[in-house]
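> structure for the following, please:
(chains A, B, C, D, E and F)
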There are 6 protein chains.
Amino acid sequence: MPIELPKDKPNNLAANALQEGLGGQFGEMRTMMQYLFQNFNFRGKAKQYRDLIKSVASEEIGHVELISTTINMLLEGTTENAPPNELPLKPALNAGNIHHFLVGAQSAMPVDSVGNPWSGSYVYNSGNLVLDLIYNLMLECTGRLQKCRLYAMSDNKTFRATVSYLIVRDLAHEKVFAKALESLGVNWGKTLPVPKADSSKMPEVRELEKRNLHNQQWTFSNEPSHLRYLTGALHSEMAKLKHLMDFRKDLRSHKHQKLHRSILLDWTAR
Amino acid sequence: MPIELPKDKPNNLAANALQEGLGGQFGEMRTMMQYLFQNFNFRGKAKQYRDLIKSVASEEIGHVELISTTINMLLEGTTENAPPNELPLKPALNAGNIHHFLVGAQSAMPVDSVGNPWSGSYVYNSGNLVLDLIYNLMLECTGRLQKCRLYAMSDNKTFRATVSYLIVRDLAHEKVFAKALESLGVNWGKTLPVPKADSSKMPEVRELEKRNLHNQQWTFSNEPSHLRYLTGALHSEMAKLKHLMDFRKDLRSHKHQKLHRSILLDWTAR
Amino acid sequence: MPIELPKDKPNNLAANALQEGLGGQFGEMRTMMQYLFQNFNFRGKAKQYRDLIKSVASEEIGHVELISTTINMLLEGTTENAPPNELPLKPALNAGNIHHFLVGAQSAMPVDSVGNPWSGSYVYNSGNLVLDLIYNLMLECTGRLQKCRLYAMSDNKTFRATVSYLIVRDLAHEKVFAKALESLGVNWGKTLPVPKADSSKMPEVRELEKRNLHNQQWTFSNEPSHLRYLTGALHSEMAKLKHLMDFRKDLRSHKHQKLHRSILLDWTAR
Amino acid sequence: MPIELPKDKPNNLAANALQEGLGGQFGEMRTMMQYLFQNFNFRGKAKQYRDLIKSVASEEIGHVELISTTINMLLEGTTENAPPNELPLKPALNAGNIHHFLVGAQSAMPVDSVGNPWSGSYVYNSGNLVLDLIYNLMLECTGRLQKCRLYAMSDNKTFRATVSYLIVRDLAHEKVFAKALESLGVNWGKTLPVPKADSSKMPEVRELEKRNLHNQQWTFSNEPSHLRYLTGALHSEMAKLKHLMDFRKDLRSHKHQKLHRSILLDWTAR
Amino acid sequence: MPIELPKDKPNNLAANALQEGLGGQFGEMRTMMQYLFQNFNFRGKAKQYRDLIKSVASEEIGHVELISTTINMLLEGTTENAPPNELPLKPALNAGNIHHFLVGAQSAMPVDSVGNPWSGSYVYNSGNLVLDLIYNLMLECTGRLQKCRLYAMSDNKTFRATVSYLIVRDLAHEKVFAKALESLGVNWGKTLPVPKADSSKMPEVRELEKRNLHNQQWTFSNEPSHLRYLTGALHSEMAKLKHLMDFRKDLRSHKHQKLHRSILLDWTAR
Amino acid sequence: MPIELPKDKPNNLAANALQEGLGGQFGEMRTMMQYLFQNFNFRGKAKQYRDLIKSVASEEIGHVELISTTINMLLEGTTENAPPNELPLKPALNAGNIHHFLVGAQSAMPVDSVGNPWSGSYVYNSGNLVLDLIYNLMLECTGRLQKCRLYAMSDNKTFRATVSYLIVRDLAHEKVFAKALESLGVNWGKTLPVPKADSSKMPEVRELEKRNLHNQQWTFSNEPSHLRYLTGALHSEMAKLKHLMDFRKDLRSHKHQKLHRSILLDWTAR
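A predicted model of the protein is given here:
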């Protein structure tokens, strides 16, 4: 797990809200699966972009674990260990999602905050590199927007630690995809980041920004184009964002139009 | 209906493919409903953006009609008018979608090309103007990408007429949203349009481009912020794209940050 | 918008209940899309029925706008404009639908009152005119039944204004479809309307009935078989219900069986 | 099972088409579950209507069995009993629904003819007796319409036997619900039955009509308001339709308005 | 109905929780439909197993009725019979499922406790007898696990009577499928039953166990392989579990491998 | 990727069939997500079982990659690189899933073989260790059953290599879960494996069995309870199945009942 989680009181409503960040349309299962599929399906020689997507995909697996664990910590202790006829599960009747107590064993589920199960129809992978990157950018921004809203819903410390960490990492990923698009010609000016959430009123976020965590992206291996998913040691092999980002130089040797064709396996793009 | 449709032989496989453009995740029902909701839910004083979204939304209603009518023309005549024991509906067993013959009466349905019904979960409306516009841009590009792929699936004339028209109009809408984002600070450089489909091998598309149809957007009324949906007379009140696009001047008087706040009703964006 | 909406206190629970009337199985998106598809797919010479369906379809677009706007008014002001660490969005944890605050920006969504997204599978269009009209009749009655139930859930003035207006218009549409079926041979006796909701205890409804709003249907254009969708001026070109309904005369010249065949494009109906 | 099924050649495309009648929106699972729920949820004293609904519900369980068995007979023998490396299941790649061979063991599934799983959202039970009966009438008509279309798709004898039987029984059920509505005030004139399918070109249907099977409804027990589901002996205790239908006499003693109130448990209907 | 239900106060939250047992993934509609399909699709000569599955399937129809009726009793009386402007349905805004009051008429629906409609995709029928039996065992255990959790949520007497009865019958069914698997070679040791819920703190369950209701399974007819579904008289023809279970003797004459092949219609199992 | 894939001719029908193994209810996305959630949500001291589940979960990520890559290889080359008006995508109209060509860029998608998107509702995690293990056992068997059926559908070499590898690994996983259940008391006798597929007619499978690949399970790290996901080097750190399986000794020190309680966080299990 990428961070240590502080203990606080259980809170099933906060747990349910957090499900949006896990199984929602713009949650971590979505980013993980979307980037995995874009990675598996990548074609053509522009390996730098694939490495980038693979790098973020790997990190998202850790986010799915992080947010699941947080939901579990928020749910644990919401009921007492009493015999059934003393109604230990009565609180479930007013819970954010009764399934947390009835279908699951007070643990995380692959659903959003209103109980819709995660759907494969969420995954976007058009095969056009520019479109996929624009979508990924928008996806990270929307994820951060929702997490900023979550931040304003509860000050539970466990909840806040995870939400703040994800706000900062979503920002890093937004930058990664923004810079990849810059290497293909876009100039974002002062438009990014979106949303322009001010972290001065989000102390936990501010703290992580001081550690520059919103400006880094990690490779996950020493070997080129291989990734390692190390649950407990995610931080051990960090590399500066600009290091991963220097692929613009490599691109100069490609003829832009050709690059597109080879990437897309898509005759429409020439 | 925006265009006249030439008659050709019926073709139920082409009809089914076209369902993607009607009830698919990136089809016309999606754009119509997404822009309608963005329009209804718009808040703040930046009325120019709302007018723009409303303008495109109105046009999309016409596109839903156009594509439905095209599917109907492609289905009509695929079966013969014979008594039941002569098996007039036997071709349905190998049809692209048997529901066209069994559930519908050889007519269009609100489903995609593999039979998934259209879903409200497709609609994106984050409340953040920049994100909504980026999504709309990506949506139009993806719509055009899919229609370029459809173009390469059949040369049926009725099919081609509609697909070509929508390729051109999707391009116009991409430009509309691109320019709206430019007014908020993005410089697209040579990135757009995506995909970079070459119309020299799509004669019907080329023909429409000669009429400059990919560079126009219409207002639908003389009265400010009202739209008119005139089924039969969509072309009658055209206005040059740049006319609708001169709102950048109006924006100068707004302080950028303030604009954001008023639009979003979203405390996170400041 | 068809009516002026009075302001009242915000109420997110009432907003959520009203989502049933927007994105529910018997809500306004359903009627709008069902009638649009029946209109697009209509075949045969009985143009009067198509005009009737088109007329109601056009009005339903305005209802989708009306109910979305009402939900927005009920949601606006349910949170305060405070910095995130003061938990302005805390009320979302107990809201009718947390998505109103987390996924949307306190605005209407294409979902029902328990959060199920609207589905294309709701649309009914069998291709048999009589069946389609019976379904439409039942659909309007069920819509009104649900709105009568909504009426009894909240006395918020904004909520009541919209619910009452829709009760009255659903009744008008029920009559429209009932009379169309009468022209094809059904005698409803005293069965209709269903449900037999007594408006004497619904003062807002009673008020609208005094204006005879439950007995009118509008054409939307002077030109035959064209419709105009005029957001702000829906009331400007009213026509008496019986005017639209005098198509029975035209039908006399058709041989009943033949009419059916031409309408249906359905070999089974002869 | 209500009828004997003649053997014919296997035909996986016909089997798939028939899935619409099993797991489709207007198939036998739908009628069975809708009537079961209407029966379970019935309130008030108008026991005659409940008995009627229960009677049809019970019969529908037998139809689910009949249509499942038919699908199984059509699938059995479509593959040969050969070792795997001789590709006995190769025909599955072009089958109507590959799941018949891959997920199921060449047997019936609770899905429609394009593979959508049956959904609980299909079930209609508004609590208003008139509306429920109108819906049931429309449901039976639509079921018959679809089965008439199925009839014209294949002349496989096993397929035809089942489709014909269901056409005739759907007609009987349409009459049952029509007469129930007549007892509440509707006069259908010459509108019913819909569709007006001519059985002179459907010899198997004609044969069953000669046995008057489209004019009978059975009670399933001698004891009042109890039903018996006797798989093998469904025909043994037939009763004439008019016998079941003589409840109109019983209704005379009820005040119409009161009846409604007691049935509905619906305060809106008075 | 299999048992008499005691009256208690209405409780819409308990009613909603109970929906899981009706329309949930592991509820009674699931067991009923899964066993019905396994029964319809059964092939081969091992008729004893089919009879067993059919026997349980038939009982599950009664459970669907029982749980629907219980939900209805819990909902009845949650609102008062007042005119609409006195807001009799206001409690619906905070109800477990607002659809109980808005879509249904305060009655049971084919959905789970968070409002997801029942889906045909739940039904498991692989065609491999051992796998189907393992799944059925797991299904019954999970059903009982969830009902034990429900027991601990409310002490409403109507609710408890049904939940307790189903706990006991699920246990009986678990034993039935466990013993069927024993006849095919599995020795469960002390693993079963799962979960090991202690009924000493569930007095209503204990009471039913004293009547040995957890150790019986009924045949529903005197005639071999026919079932009778007698709503009011379910208890009248009980037979000891071991009576139904003595099919192991019959199996001795089959060669195990051969049996498999004939059952499966599945060339892969040899 | 765990194995090298031989090249063969493209085959879009085989690609589509293989989607079942990727995004189907019993495919690799399912096993991956189910085991990840069981791992994240695991509680109590029986760390051996959690390690086991984690180990299989990690391997399944590699299987998702393997099967996606195989689908891509089968799709690549099904169309020619020609200009759009020469109809290079015409074959899509008859493809197994037109979305492969229209929505995706001839690449894998998170859907099953009839186009249903993967759903979070598939994931089973009851919180009861025995039930979760039984489900996992059944899941692996069903996965293998479906892959045996796939084997008999095509002899394409790329397709066969992947299907055969997964048959062998599913068997290994079945054994892992079977042995875990043995450590809790079950004796499977000769029941397992199910299905009893004979590999003598599946030469590719036989080849892998000679390498004993169906009898091994790997840990993915030297450090206790950590896993490493090494895309390219999955085979490098194998350990014999019985090594991972010797946790039964560790269990002796636990009182069985107590163990259950701590694992489940489930008061019902004592």
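> A:Glu174 against A:Leu145, yeah?
No: contact between A:Glu174 and A:Leu145 fails when scored by CB atoms under 8 Å: they sit 10.6 Å apart. From N, CA and C alone the C-beta is placed, and that goes for glycine too.
> neighbour count: the two, which is higher?
A:Leu145 (27 against 23; other CB atoms under 10 Å in any protein chain shown).
> so what's the residue count around the nearest residue to that one once chain neighbours are set aside?
Using CB to CB, 6 or more residues apart in numbering or on different chains and skipping the chain neighbours, the partner closest in space to A:Leu145 is A:Pro195 (5.0 Å). Neighbourhood size, A:Pro195 [other CB under 10 Å]: 23.
> which residue ranges of the stretch 101-250 of chain A form strands?
Along the stretch 101-250 of chain A, counting by DSSP state E, counting those that start in this stretch, strands occupy A:228-230.
> related to what we said a few turns ago, mutual contacts of A:Glu174 and A:Leu145, please.
Common neighbours of A:Glu174 and A:Leu145 (criterion: CB atoms under 8 Å, 6 or more residues apart in numbering or on different chains): A:Val194.
> list the contacts of A:Ala57.
A:31-32, A:35-36, A:38-39, A:227.
> so which strand or helix has it?
helix A:47-75 (DSSP states H and E).
> leaving out sequence neighbours, find the closest residue to the residue nearest the centre of chain A.
The centroid of chain A falls nearest to A:Glu28 when counting by CA atoms, centre = their mean (4.4 Å). Sequence neighbours aside, A:His63 is the residue nearest to A:Glu28 in space, at 4.2 Å (criterion: CB to CB, 6+ apart).
> how far off helix F:47-75 does the helix holding A:Ala57 point, in degrees?
150 degrees (axes from the mean of the first three to the mean of the last three CA atoms, to 10 degrees).
> helix A:47-75: which residues count as buried?
For helix A:47-75, the neighbour count (16 or more other CB atoms under 10 Å in any protein chain shown) marks A:48-75 as buried.
> for stretch A:188-196, same thing?
Neighbour count says stretch A:188-196 has A:188, A:191-196 buried, by 16+ other CB under 10 Å.
> gap between the nearest residue to A:Ala82 once chain neighbours are set aside and E:Val194?
Among residues not flanking A:Ala82 along the chain, A:Pro88 sits closest, at 4.2 Å (CB to CB, 6+ apart). Distance from A:Pro88 to E:Val194, counting by CB to CB, to the nearest Å: 20 Å.
> ok, now A:Arg169?
40 Å.
> in the stretch 151-270 of chain A, where is pLDDT below threshold?
Counting by pLDDT under 70, the stretch 151-270 of chain A has low-confidence residues at A:218-270.
> 80 instead, please
Counting by pLDDT under 80, the ranges of the stretch 151-270 of chain A that qualify are A:217-270.
> what sits against whatever residue of it ends up closest to chain E?
Residue nearest to chain E within the stretch 151-270 of chain A: A:Met153 (19.5 Å; CB to the nearest CB). A:Met153 makes contact with A:14, A:17, C:87, C:89-90, C:92-93, C:101-102, according to CB under 8 Å, 6+ apart.
> swap in 7 Å and give it another go.
A:17, C:87, C:89-90, C:92-93 (CB atoms under 7 Å, 6 or more residues apart in numbering or on different chains).
> tell me which of those fall in strands.
Among these, no member is found in strands (DSSP state E).
> TSV for those residues, including distance to B:Gly120?
Below are those laid out as TSV (distance: CB to CB, whole Å):
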residue	distance to B:Gly120
A:Ala17	21
C:Leu87	30
C:Leu89	23
C:Lys90	27
C:Ala92	20
C:Leu93	24
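> closest one of these to B:Arg43?
For the contacts of A:Met153, the closest approach to B:Arg43 (CB to CB) belongs to C:Leu89, at 16.6 Å.
> number of nearby residues for the spatially closest residue to the closest one that is not a sequence neighbour?
In space, and not counting its chain neighbours, C:Leu89 is closest to A:Ala152: 4.1 Å by CB to CB, 6+ apart. Look at A:Ala152: counted by other CB under 10 Å, it has 24 neighbours.
> try A:Arg211
10.
> how close does it get to A:Val168?
The value you get for A:Arg211 to A:Val168, if CB to CB is used, is 9 Å.
> what parts of the stretch 101-250 of chain A come near chain C?
Neighbours of chain C within the stretch 101-250 of chain A, by CB under 7 Å from any CB of the partner chain: A:113-116, A:146, A:148-155, A:201-203.
> what's the PyMOL line that selects buried ones from the residues you listed?
The following PyMOL line selects those of those that are buried, judged by 16+ other CB under 10 Å:
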select buried, chain A and resi 113+114+115+116+146+148+149+150+151+152+153+154+155+201+202
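> surely the residue nearest to A:Leu145 and B:Asn128 touch.
Yes: the pair A:Pro195 and B:Asn128 qualifies as a contact (CB atoms under 7 Å) at a distance of 5.3 Å.
> distance from stretch A:185-204 to the middle of the chain?
Relative to its chain's centre, stretch A:185-204 lies at 17 Å (CA atoms, centre = their mean, to the nearest Å).
> endpoints of it, how far apart?
35 Å (CA to CA, to the nearest Å).
> which other residues reach it?
The contact list for stretch A:185-204 (CB under 7 Å, 6+ apart) reads A:141, A:144-145, A:148, A:151, A:160-161, A:164, A:171, A:174, A:178, A:182, A:205-206, A:209, B:128, B:130-131, B:184-191, B:260, B:268-270, C:83-85.
> contacts for stretch A:23-42 next, please.
Contacts of stretch A:23-42 (CB under 7 Å, 6+ apart): A:20-22, A:50, A:53-54, A:56-57, A:60-61, A:63-64, A:67, A:109-113, A:118, A:122-125, A:132, A:139, A:142-143, A:146, B:121, F:65, F:68-69, F:72, F:107-108, F:110, F:120.
> same check on stretch A:93-102?
Here stretch A:93-102 makes contact (CB under 7 Å, 6+ apart) with A:12-13, A:15-17, A:19, A:75, A:89, A:92, A:106, A:109, A:115, E:13, E:17, E:20, E:113-114, E:146, E:149-150, E:153.
> just the ones of these in helices?
A:12-13, A:15-17, A:19, A:75, E:13, E:17, E:20, E:146, E:149-150 (DSSP state H).
> from those, pick the one nearest chain D.
Nearest to chain D among those, with distances taken as CB to the nearest CB, is E:Glu20, at 12.9 Å.
> what about the contacts of A:Met153, which one has the most neighbours?
That'd be A:Ala17 among the contacts of A:Met153, by other CB under 10 Å, with 28 neighbours.
> the helices in the stretch 101-250 of chain A, which residues?
For the stretch 101-250 of chain A, applying DSSP state H, counting those that start in this stretch gives helices covering A:129-151, A:157-182, A:203-210, A:241-244, A:247-251.
> just the ones you listed: most buried one?
helix A:129-151 (a mean of 26; mean count of other CB atoms under 10 Å in any protein chain shown).
> just the CA atoms of that one, as CSV, please.
Below are the C-alpha coordinates for helix A:129-151, written out as CSV (Å, rounded to 0.1, in the frame of the first residue of the first chain):
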residue,chain,number,x,y,z
LEU,A,129,-3.6,7.8,-29.5
VAL,A,130,-4.6,11.5,-29.3
LEU,A,131,-8.2,10.7,-28.4
ASP,A,132,-7.1,8.1,-25.8
LEU,A,133,-4.8,10.6,-24.2
ILE,A,134,-7.5,13.4,-24.1
TYR,A,135,-9.9,10.9,-22.6
ASN,A,136,-7.3,9.9,-20.0
LEU,A,137,-6.7,13.5,-19.1
MET,A,138,-10.4,14.2,-18.7
LEU,A,139,-10.7,11.0,-16.7
GLU,A,140,-8.0,12.0,-14.2
CYS,A,141,-9.4,15.6,-13.9
THR,A,142,-12.9,14.2,-13.2
GLY,A,143,-11.6,11.8,-10.7
ARG,A,144,-9.8,14.6,-8.9
LEU,A,145,-13.0,16.8,-9.1
GLN,A,146,-15.0,14.0,-7.4
LYS,A,147,-12.3,13.5,-4.8
CYS,A,148,-12.3,17.2,-4.0
ARG,A,149,-16.0,16.9,-3.5
LEU,A,150,-15.5,13.9,-1.2
TYR,A,151,-13.0,15.8,0.8
